[in-house]
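Colleague: missing the sequence, but the structure's below:
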């Protein structure tokens, strides 16, 4: 069974702090997605990666395939970064379906 | 380019009724996936369609069904609604099939079953 675990579940930080959210999974994957969900429900895809590292603005995502672990970093955090961040994995075998982590609720205080 | 659209945005139904939700993908995208999000279970995969064919299905009862039309628009249907079907239903489109491609999500349909 494919398990996806995220940590921490909740994170509160001051504006400007460096943020790290972690995601661990249990099976081989073809891709890992990082998603952002704001209050109201809309989901935005931040990154999709299968190896290495990707950067977009203040956001950086890394993945270690051997260790089955990915991290999402936010540099110079801002109150508008407050959202739920969700990691999802696509297994590389069998029934292809995204399995989601439970999400990390991030609150950035001005 | 217009994003993924879902209709209706909000819906209230009674137990035992059925409901149909609609999803229009980004122009040119031929793959549509559906997801259910509840406070208790989080996000769960329902099914994926590509070229009018269901490619994959999640662990949901047969009351949940879907289809895709030749213009790639997709509908999902839930029959004999139960209270536990109250959820945010999200669809996502991608250029190609398989979930190793970037998914573009719609705003969701919030279904309340009373």
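Modeller: Alright, I've got the coordinates. All values derive from a computational prediction rather than experimental measurement.
Colleague: pLDDT weak spots in chain A?
Modeller: Within chain A, the stretches with pLDDT under 70 are A:1-2, A:93-96.
Colleague: Please list the residues of it that sit near chain B.
Modeller: A:30-31, A:33, A:35, A:41-45, A:48, A:50, A:86, A:88, A:90, A:95-103 (C-beta under 8 Å from any C-beta of the partner chain). Backbone N, C-alpha and C define where each C-beta goes, glycine included.
Colleague: if we go to 7 Å?
Modeller: Listed as neighbours of chain B in chain A under the rule C-beta under 7 Å from any C-beta of the partner chain: A:30-31, A:33, A:41-43, A:45, A:48, A:86, A:90, A:95-98, A:100, A:102-103.
Colleague: Residue 21: how many residues sit nearby?
Modeller: No chain in the question, so chain A it is. By other C-beta atoms under 10 Å in any protein chain shown, 22 other residues sit near residue A:21.
Colleague: My question was about chain B, not that one.
Modeller: Residue B:21, neighbours per other C-beta under 10 Å, totals 21.
Colleague: Generate a ChimeraX selection restricted to the buried entries among the residues of chain A next to chain B.
Modeller: Here is the ChimeraX command that selects only those of the residues of chain A next to chain B that count as buried (16 or more other C-beta atoms under 10 Å in any protein chain shown):
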select /A:31,33,41,42,43,45,48,86,90,96,97,98,100,102,103
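Colleague: I'd like to know which of the residues of chain A next to chain B are part of strands.
Modeller: The strands, defined by DSSP state E, take in A:30, A:31, A:33, A:43, A:45, A:48, A:86, A:90, A:100 from the residues of chain A next to chain B.
Colleague: Pick out the most distant pair among these.
Modeller: Spatial extent of these (C-beta to C-beta) is set by the pair A:30 and A:43 at 20.1 Å.
Colleague: follow-up on the earlier one: export the ones in strands among the residues of chain A next to chain B to a markdown table and tack on distance to residue B:94?
Modeller: Output for those, formatted as a markdown table (distance: C-beta to C-beta, whole Å):
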| residue | distance to residue B:94 |
| --- | --- |
| A:30 | 13 |
| A:31 | 11 |
| A:33 | 11 |
| A:43 | 13 |
| A:45 | 10 |
| A:48 | 10 |
| A:86 | 17 |
| A:90 | 11 |
| A:100 | 16 |
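Colleague: And those residues, which is closest to residue B:97?
Modeller: Residue B:97 lies nearest to residue A:90 out of those, by C-beta to C-beta, at 11.5 Å.
Colleague: Tell me which helix or strand in chain B has the weakest average pLDDT.
Modeller: Lowest mean confidence among the helices and strands of chain B (mean pLDDT, DSSP states H and E): strand B:53-57, at a mean of 90.
Colleague: Next up, the contacts around residue A:50.
Modeller: Neighbouring residues of residue A:50 by C-beta atoms under 7 Å, 6 or more residues apart in numbering or on different chains: A:30, A:31.
Colleague: Count the residues that sit near residue 26.
Modeller: If you meant another chain, say so; for now it's chain A. So residue A:26, with other C-beta under 10 Å, has 14 neighbours.
Colleague: wrong one, I was asking about chain B
Modeller: Neighbours of residue B:26 under the rule other C-beta under 10 Å: 18.
Colleague: that older thread, is chain A within reach of whichever helix or strand comes after the least confident helix or strand of chain B?
Modeller: As assigned by DSSP states H and E, the chain's next helix or strand after strand B:53-57 is strand B:64-68. No: applying C-beta under 7 Å from any C-beta, one finds strand B:64-68 separated from chain A by no less than 13.7 Å.
Colleague: If anything else comes up later, I'll come back, but that's it for now.
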